[in-house]
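In: The following block contains a protein sequence and its predicted model.
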Amino acid sequence: SQQGEEDPQALSIQEGENATMNCSYKTSINNLQWYRQNSGRGLVHLILIRSNEREKHSGRLRVTLDTSKKSSSLLITASRAADTASYFCAATGGGADGLTFGKGTHLIIQP
Amino acid sequence: DAGITQSPRHKVTETGTPVTLRCHQTENHRYMYWYRQDPGHGLRLIHYSYGVKDTDKGEVSDGYSVSRSKTEDFLLTLESATSSQTSVYFCAIRGGQKGDTQYFGPGTRLTVL
C-alpha cells in the first residue's frame, strides 16, 4: 500500500510560530492530500499536490513533495489557536484508488 | 461539504445484529468510498465504488458489504456486527476541479456492544 506516515506524532508550539509536519509514503503515487480534523469532527480537505508538482501554497499553508524521497511536508505559518487539530496526509495511486492515510500529527497551539 | 450526508450519525447496536449505514451525495459524483477511523490507525479504506453497481474491496473489507443501486447512495452493511467494528465510519466522494480530491462526510459513530 502507499501508506503515508506522519512525523512527528505530536507537536506543541506557541501561537505565532510555524509548524512543520512531515509525511512519508512507500510506493509511487498520483497525488497526496492533506487533511485537518478537529477533535471529534470530520475531515477538512486542506490541499492536494500531484506527483508532478514540487510545491503548493494555500493561504498560510505550504506543501512540498519530494518524489525521490517519497516524502511530503506541510508548513503552517503564523500559527493560531484555531489550528489546533490533527493533520493527516493521504496518498493515492490514482484511478479509482482510495486514499491510504497515515496516523496523523496532533498539533497543539499554545496561546 | 460537497453535498455529502451520512445516516445515522450515531448508532449503538448489539453483537450479531445487522447494521446498514447510508452515504448520500447530491452532486452526481462517480466515485464513492467508505473508510473507518480507529485510534492509532488513522483512516482505512473498507470498500469503494466507481459507478452504479460497480464496487471493489479496500484494505479492511472483511465483515462488510456494500451496494450502490443509484448514483447518489452508497450503502455499507455489517451483516453481523462485532465489537471490533466499533468505529467511526466516514464516507467520501471524489470531486474538485480535476476530479481527484476526496471530500468526506460528517461520519457515523457506531458502537457495537
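Out: Yep, that arrived. Numbers count the residues shown, from 1 in each chain, chains lettered A, B, ... in the order given.

In: buried residues in stretch A:72-92?
Out: The neighbour-count check on stretch A:72-92 (16 or more other Cβ atoms under 10 Å in any protein chain shown) flags A:72-74, A:76, A:79, A:83-92 as buried. All C-beta atoms are positioned from the backbone trio N, CA, C, and that covers glycine.

In: Same check on stretch B:44-55?
Out: The neighbour-count check on stretch B:44-55 (16+ other Cβ under 10 Å) flags B:44-50, B:55 as buried.

In: Any part of that stretch near chain A?
Out: Yes - with Cβ under 8 Å from any Cβ of the partner chain as the measure, stretch B:44-55 is seen reaching chain A through B:44-45, B:48, B:50.

In: what's in contact with that stretch?
Out: By Cβ atoms under 8 Å, 6 or more residues apart in numbering or on different chains, the residues outside stretch B:44-55 that reach it are A:96, A:98-101, B:30-38, B:56-61, B:64-71, B:74, B:76, B:89.

In: just the buried residues of stretch A:72-92 that are near chain B?
Out: Within these, those near chain B by Cβ under 8 Å from any Cβ are A:88, A:90, A:92.

In: out of those residues, which one sits closest to residue B:15?
Out: Residue B:15 lies nearest to residue A:88 out of those, by Cβ to Cβ, at 30.1 Å.

In: Quick one: distance of the helix or strand that contains residue B:36 to the chain centre.
Out: Using DSSP states H and E, residue B:36 sits within strand B:32-38. Offset of strand B:32-38 from its chain centre (Cα atoms, centre = their mean, to the nearest Å): 5 Å.

In: Any buried residues in it, and which?
Out: For strand B:32-38, burial by neighbour count (16+ other Cβ under 10 Å) applies to B:32-37.

In: what helices or strands is that strand leaning on?
Out: Secondary structure elements in contact with strand B:32-38, counted by 3 or more Cβ pairs under 8 Å, 6 or more residues apart in numbering or on different chains; DSSP states H and E, are strand B:19-25, strand B:42-51, strand B:64-70, strand B:73-78, strand B:87-95.

In: Adding mean pLDDT, write the ones you listed out as TSV.
Out: TSV is the format used below for those (pLDDT from 0 to 100):
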stretch	mean pLDDT
strand B:19-25	98
strand B:42-51	94
strand B:64-70	97
strand B:73-78	98
strand B:87-95	96
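
In: So which of those strands is nearest residue A:17?
Out: Of those, nearest to residue A:17 by Cβ to Cβ is strand B:42-51, at 25.5 Å.

In: CA atoms only for that closest one - export them in CSV, please.
Out: Written as CSV, here are the backbone C-alpha positions of strand B:42-51 (Å, rounded to 0.1, in the frame of the first residue of the first chain):
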residue,chain,number,x,y,z
GLY,B,42,-5.8,6.7,11.0
LEU,B,43,-8.4,6.1,8.3
ARG,B,44,-8.6,2.8,6.5
LEU,B,45,-10.4,2.1,3.3
ILE,B,46,-13.2,-0.5,3.5
HIS,B,47,-14.9,-0.5,0.1
TYR,B,48,-15.3,1.8,-2.8
SER,B,49,-17.5,2.3,-5.8
TYR,B,50,-16.6,3.6,-9.3
GLY,B,51,-20.2,3.6,-10.6
